[in-house]
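> Build me a model:
(one chain, ligands or ions: 1)
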Amino acid sequence: MRLPDGTNLTALSEYLLAGLDRDAREALHRQLYRALRAAILAGKLPAGSTLPASRGLAEELGLGRNTVLHAYEQLCAEGYCHGRGGAGTFVTAVLPEAVPERPPSPARQQGTPGLSSRARQLLPTLTRRAEPAGPAFMPGLPDLAAFPWTQWQRHLHQRQRASSPADFDYRTEGGHAELKTVLAEHLRLSRAVDCSAEQILITGGMQQTLDLVARAVADAGDVAWMEDPGYLGARTAWQAAGLRVTPLPLDEQGMNWMGADYPKPRLIYVTPSHQYPLGAVMSLARRQSLLAEAARHDAWILEDDYDGEFRHQGRPLAALQGLDRSGRVLYLGTFGKTMFPALRLGYLVAPIELVDPLRRLQARLYRESDYVVQAALADFIGEGHFGSHLRKMRTIYARRQAKLRDTLCEQLGGALPLLGGEAGMHVCARLPPGSDDLAISALLASAGITAQPLTPYCQGQPPFPGLVLGYAGVDDATLRLAAVKMAAVLRGML
Ligand SMILES: Cc1ncc(COP(=O)(O)O)c(C=O)c1O
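Numbering: from 1, shown residues only. Below you'll find the predicted structure:
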């Protein structure tokens with residue numbers, strides 16, 4: 001064995017031992033590989049030198065011989081070393097990469113991690129999703145315990161068992177044909193969406209849909225009208241696509257563009273069935289004038305119907321898309337609330353002439369989601385489980401909303417008005433003028449209550465301070481306890 005001058009096996013072993021942690025989760029052969037690679041890159045094992053015999057090194061380090069052999073194999077596979085018959089393992093003369101101590105990039109030296117100006121602009125608005133302080137009142141979270149997992153898994157397993165290798169190829173059809181068929185029927189009946197299966201595109205959830213549509217129908221610098229306060233996921237998608245987001249105020253009928261001169265939009269994003277997060281339901285008159293306004297600007301309307309399936313009061317409201325006669329509404333939906341968020345499936349109903357361009361862009365930009373899962377979902381919907389789950393959840397969510405209202409009223413006597421609630425899974429609590437909703441939200445978090453402040457949902461001046469309260473994802477008893485606790489924290493401030 002020939003180690004470089006001045007390096008003996010014991011000295012090398014000491015160096016390597018410093019890089020091993022027997023309690024760490026990383027496998028020992030990986031740790032040894034990294035320690036040896038560091039020794040090579042640091043010149044402790046220079047080009048041409050021989051690695052110690054595996055048996056000897058294993059004894060020195062108190063490791064199994066296979067662990068050492070594994071590490072050597074990895075170094076050979078990556079080109080740091082090569083074996084020469086029975087003569088041993090040698091450090092390669094030309095190393096596969098430059099020695100790691102590169103000078104830091106200019107951006108690093110200035111303390112910024114080399115991000116694009118777009119990312120630098122977006123990041124301050126993106127809070128890292130901290131663990132919610134407690135299960136109540138996280139908005140947007142469906143009740144996962146009430147989901148019919150057994151039925152879902154049965155369909156999933158059936159489709160998995162019946163699948164063939166071809167089902168796992170790249171797909172470019174814009175979604176499983178059977179899923180598009182049953183979904184089109186469901187949307188026609190349940191949401192009065194005017195569509196055929198050919199107009200549907202199955203996506204990887206709402207975020208992907210928003211990104212796809214922004215790239216497909218608008219150019220960087222185009223104007224996107226957005227409800228303010230509004231859905232942060234949409235605002236982020238428009239900004240990331242380089243659109244100029246114009247915040248529009250809301251009244252009790254929804255987005256209101258009247259009375260001011262806003263820049264001409266290329267796209268208009270709305271949540272007409274249940275405005276997110278204030279909860280207004282867009283009146284029929286406003287829907288019609290929105291369609292006329294979009295026609296005047298030759299703009300696309302993006303209708304996000306994220307929770308329209310859960311209507312609690314009044315007559316079911318038809319989707320805006322169903323009123324459109326000019327083919328300028330794209331209807332967007334998600335299975336994140338009606339099924340579960342991790343499914344990552346959403347859908348888009350587009351005017352027929354947009355379907356093929358959208359489908360091709362989708363296939364190239366993101367690839368398509370798993371068709372076996374989509375087939376299982378088609379069965380789940382087709383056999384009526386989806387419909388019964390929606391009916392069950394509508395009753396449960398309506399009851400929870402009533403419980404939240406009643407408890408807050410009982411505890412605070414109407415001092416905390418709740419807005420919205422005709423549909424959906426959340427309400428917005430209006431705090432007294434001058435309250436600091438960010439500070440109140442932090443105070444509630446320290447008491448184990450998740451209550452999102454309204455301010456970050458606003459691009460412009462918030463209309464009032466508020467808290468967005470999701471009531472869907474917690475059981476009735478937890479919900480009541482949390483409401484009592486929240487009232488105790490808020491009592492002196494209202
Ligand atoms: C307005 C709105 N759209 C869409 C979504 C989420 O859709 P997805 O789960 O598909 O990302 C949410 C989630 O809270 C939402 O509030």
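
> Can you tell me the closest non-neighbouring residue to Leu115?
Leu123 (7.4 Å; CB to CB, 6 or more residues apart in numbering). Quick note: C-beta positions are derived from backbone N, CA and C, even for glycine.

> does that neighbour really touch Ser116, like I thought?
No - using CB atoms under 8 Å, Leu123 is not in contact with Ser116; the gap is 10.3 Å.

> And this protein, what are its domain boundaries?
Taking automatic domain parsing as the reference, the chain has its domains at 9-91, 148-386, 388-493.

> of all these, which lies closest to Gly140?
domain 388-493 (6.0 Å; CB to CB).

> check whether that closest one contacts the ligand.
No - using CB under 6 Å from any ligand atom, domain 388-493 stays clear of the ligand, with a minimum separation of 8.3 Å.

> Start and end of that domain, how far apart?
42 Å (CA to CA, to the nearest Å).

> what do you get for stretch 295-303?
For stretch 295-303, the end-to-end distance is 15 Å (CA to CA).

> again, but for stretch 162-180
OK, stretch 162-180 end separation, CA to CA: 20 Å.

> Mind listing what's buried along that stretch?
Buried residues in stretch 162-180, counted by 16 or more other CB atoms under 10 Å: 171, 174-176, 178-180.

> got it, and stretch 262-280?
Applying 16+ other CB under 10 Å to stretch 262-280 flags 265-280 as buried.

> out of the buried residues of stretch 162-180, which one sits closest to the ligand?
Relative to the ligand, the closest of the buried residues of stretch 162-180 is Gly175; by CB to the nearest ligand atom it sits at 14.5 Å.

> I'd like to check which residues are in contact with the closest one.
200-203, 347, 368, 374 (CB atoms under 8 Å, 6 or more residues apart in numbering).

> between those residues, which has the most around it?
Thr203 (28 neighbours; other CB atoms under 10 Å).

> what's the helix or strand for Tyr269?
Per DSSP states H and E: Tyr269 is located in strand 267-270.

> and the helix or strand just after that strand, which residues are buried?
Tracing the chain past strand 267-270, the next element assigned as helix or strand by DSSP H and E is helix 284-297. Using 16+ other CB under 10 Å as the test for burial, helix 284-297 gives 286-287, 290-291, 293-294, 297.

> which residues are in contact with stretch 186-200?
Taking CB under 8 Å, 6+ apart as the rule, stretch 186-200 contacts 174-175, 177, 180-181, 183-184, 305, 308-309, 316, 318-319, 321-322, 324, 331, 333, 347-352, 355, 381, 386-387, 390.

> Quick check, Gln374 in contact with His176.
Yes - between Gln374 and His176 there is a contact under CB under 8 Å: 3.8 Å.

> what does the chain put close to the ligand?
140, 205-207, 231, 233, 271, 276, 304, 306, 334, 336, 341, 346.

> Next step: the residues you listed restricted to helices.
Residues from those lying in helices, with DSSP state H as the criterion: 206-207, 233, 336.

> pretty sure Ala184 is in a helix, no?
Yes - counting by DSSP: H, G, I helix; E, B strand; the rest coil, Ala184 falls inside a helix.

> least trustworthy helix or strand in the protein by mean pLDDT?
Least confident helix or strand, the chain: helix 106-109 with a mean of 56, by mean pLDDT, DSSP states H and E.

> Alright, calling it a day.
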